[in-house]
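> Fold the following for me, if possible:
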Amino acid sequence: MACQFEIYFSAAQYPAGTEWASAALDLVEQLEEQLSVYRPQSQLSEINRSAGRRAVPVEPWLFGLLRQAQTISAQTHGAFDMTTGPLSRAWGFCARSGPDPVDHDGADQASAVRPAPRDRTRPGRRVPGAAQLSSALARVGSERLQLDEQTDSIRFLTPGMEINVHGIGKGYALDRCAALLRSAGMQDFLMHGGQSSVVAAGSHPALPGRGWAVGIRHPLCPDRRLAELLLRDRALGTSGSGTQFFRHRGAEYGHLIDPRTGYPAKGVYSVTVLARTAAEADALATALYVLGPEGARQHCATHPHRAMLMVGPGPQEGAVTLHQHGLTANDWRQLADPTAE
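A predicted model of the protein is given here:
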């Protein structure tokens, strides 16, 4: 998952909390061994090697994750898809990125949005030709996956397909860790993966009954917080292309690719989603980024347990526009003028 995971809790409230937190972090490493496509021995790598030829049995927890990813793909009309590997390769976005920088003020706040856009042009990133893009698109689509619930197995219905759970895996790991901590009797904690995925249970000791405060950075001014969200027994996921993109002939192309068109999504700086589980929030943050303001609003309107805060370009240079749906006055507050200084 290529990022740092951290857990916050009150040691006074949970004397054995450190032991359980260590167990949770050990679980993250175990899940990395299973989910990483960069480890040849992982179960995901085995699926990608073999599922084009035969049905591959899958560990039950992982099968549940694949089923959840396929369901979210259908709910978002393909805006989220775990089979976009051929498209990422066509655009040159397959090189593994390093961990996100961690920048916490303390246990009561966690930054959930990456820093302002920087030019991350790297060798190998390119605009693919029409034939290459068409070939990649022919191998993309969760509807081309056969998931058999009777045998907990997966098979690719189209040759050359591959799956990657990078858009939902961190959230899944957080959900598994949260279940472990809750089983130990811990009801008040916050855990994040790379700052962009957060799960919060109960409340911070300084905010009894209110939850945990999570800050949203201004996408154009990373030293300023644009908004603050309060999470209580809820999860958060954020997606954006601020640190993974390249420029070509004056145009900017980000790493979040629309699986339906094969081109990088545009017109949004970041999307933060609040949902019941971290896996759900993770996947939806990518999907709503791809769908854009109106599509995201329509999705949230038909799924009332999901909420979002989208940050897009403002009416003039240096400004941003906030789009929110499903958030109440108790869920969030704006901290900064949306115009960058």
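> Give me the next element, helix or strand, following the longest helix that the chain contains.
Identified as the longest helix of the chain according to DSSP state H is helix 278-302. Using DSSP states H and E, the helix or strand that follows helix 278-302 towards the C-terminus is strand 307-313.
> what packs against that next one?
strand 221-231, strand 270-275, helix 278-302, strand 320-325 (3 or more C-beta pairs under 8 Å, 6 or more residues apart in numbering; DSSP states H and E). For every residue, glycine as well, the C-beta is placed using N, CA and C.
> One more pass at 6 Å, please.
If you count contacts as 3 or more C-beta pairs under 6 Å, 6 or more residues apart in numbering; DSSP states H and E, strand 307-313 packs onto strand 270-275, helix 278-302, strand 320-325.
> how much does the first one deviate in direction from helix 278-302?
Per axes from the mean of the first three to the mean of the last three C-alpha atoms, to 10 degrees, the angle that strand 270-275 makes with helix 278-302 is 90 degrees.
> Can you give the strand pairings for strand 270-275, parallel or anti for each?
Strand pairing for strand 270-275, using DSSP bridges, gives strand 234-240 (antiparallel), strand 307-313 (antiparallel).
> closest one to Ala12 among those?
Evaluated over the strands paired with strand 270-275, closeness to Ala12 peaks at strand 234-240, with 24.3 Å, by C-beta to C-beta.
> Please state the offset of that closest one from the chain centre?
Relative to its chain's centre, strand 234-240 lies at 6 Å (C-alpha atoms, centre = their mean, to the nearest Å).
> With stretch 266-278 instead?
With C-alpha atoms, centre = their mean, you get 8 Å for stretch 266-278.
> what does stretch 257-268 give?
16 Å.
> circling back: would JSON lines of the strands paired with strand 270-275 with mean neighbour count, mean pLDDT and distance to Val56 be doable?
As requested, the strands paired with strand 270-275 are exported to JSON lines (neighbours: other C-beta atoms under 10 Å; pLDDT from 0 to 100; distance: least, C-beta to C-beta, whole Å):
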{"stretch": "strand 234-240", "mean neighbour count": "27", "mean pLDDT": "95", "distance to Val56": "28"}
{"stretch": "strand 307-313", "mean neighbour count": "22", "mean pLDDT": "95", "distance to Val56": "35"}
